[in-house]
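[1] sequence plus the predicted model coming up.
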Amino acid sequence: MQRDAMLTQLGYAPNDALLSQLERIESNTSGYEKIRKHIMDLHDALKVDGSFVAMSNTNDYFKIKVEATSAELAEEAHAKIKHFSDKFKVKVNKLDNKETYYIVGFDK
């Protein structure tokens with residue numbers, strides 16, 4: 001998938017700064033080529049729960065934001081993230097006291 005297309009699918013309007021940020025995220029995410037498609041699939045699956053994948057503003061990683069409107073939807077979103085992590089061997093780090101995860105990379 002081209003970088004422009006990925007940014008668009010994540011809801012961004014591609015520009016040079018975002019393309020550079022995406023490039024840094026790609027090189028900072030171990031095994032990115034193996035999990036790229038799965039990241040987009042997770043983003044699509046989380047939309048129904050009011051959650052999403054985005055680019056972090058503070059670290060060169062993708063972040064997963066759980067912004068569900070109910071406890072049930074939040075629980076469902078967390079289950080999808082765990083399934084994504086286990087099935088595709090993707091290391092994610094949950095931030096303390098936040099409904100946010102960072103996608104660190106392929107967990108060999």
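    Great, that's in hand.
[2] every contact and neighbour count from this point should use C-alpha atoms.
    OK.
[3] okay, helices next: where are they in the protein?
    With DSSP state H as the criterion, the chain has helices at 3-9, 16-28, 32-47, 71-88.
[4] quick one: mean pLDDT over the first one.
    Per-region confidence: helix 3-9 scores 93 on mean pLDDT.
[5] just to revisit the earlier point, can you list the helices of the chain in CSV and add distance to Asn97 and mean neighbour count?
    Listed next are the helices of the chain as CSV, based on distance: least, Cα to Cα, whole Å; neighbours: other Cα atoms under 10 Å:
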stretch, distance to Asn97, mean neighbour count
helix 3-9, 28, 15
helix 16-28, 24, 15
helix 32-47, 20, 17
helix 71-88, 14, 16
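[6] wait, which of the ones you listed is closest to Asn59?
    helix 16-28 (8.4 Å; Cα to Cα).
[7] that closest one vs helix 32-47, what angle?
    Computed by axes from the mean of the first three to the mean of the last three Cα atoms, to 10 degrees, the angle separating helix 16-28 from helix 32-47 equals 120 degrees.
[8] mean confidence for helix 16-28?
    The model assigns helix 16-28 a mean pLDDT of 96.
[9] determine the set of other helices and strands touching it.
    Contacts defined by 3 or more Cα pairs under 8 Å, 6 or more residues apart in numbering; DSSP states H and E place helix 16-28 against helix 3-9.
[10] how distant is the helix it packs on from the center of its chain?
    Distance of helix 3-9 from its chain centroid, counting by Cα atoms, centre = their mean, to the nearest Å, is 13 Å.
[11] that one - contacts with which helices or strands?
    helix 16-28.
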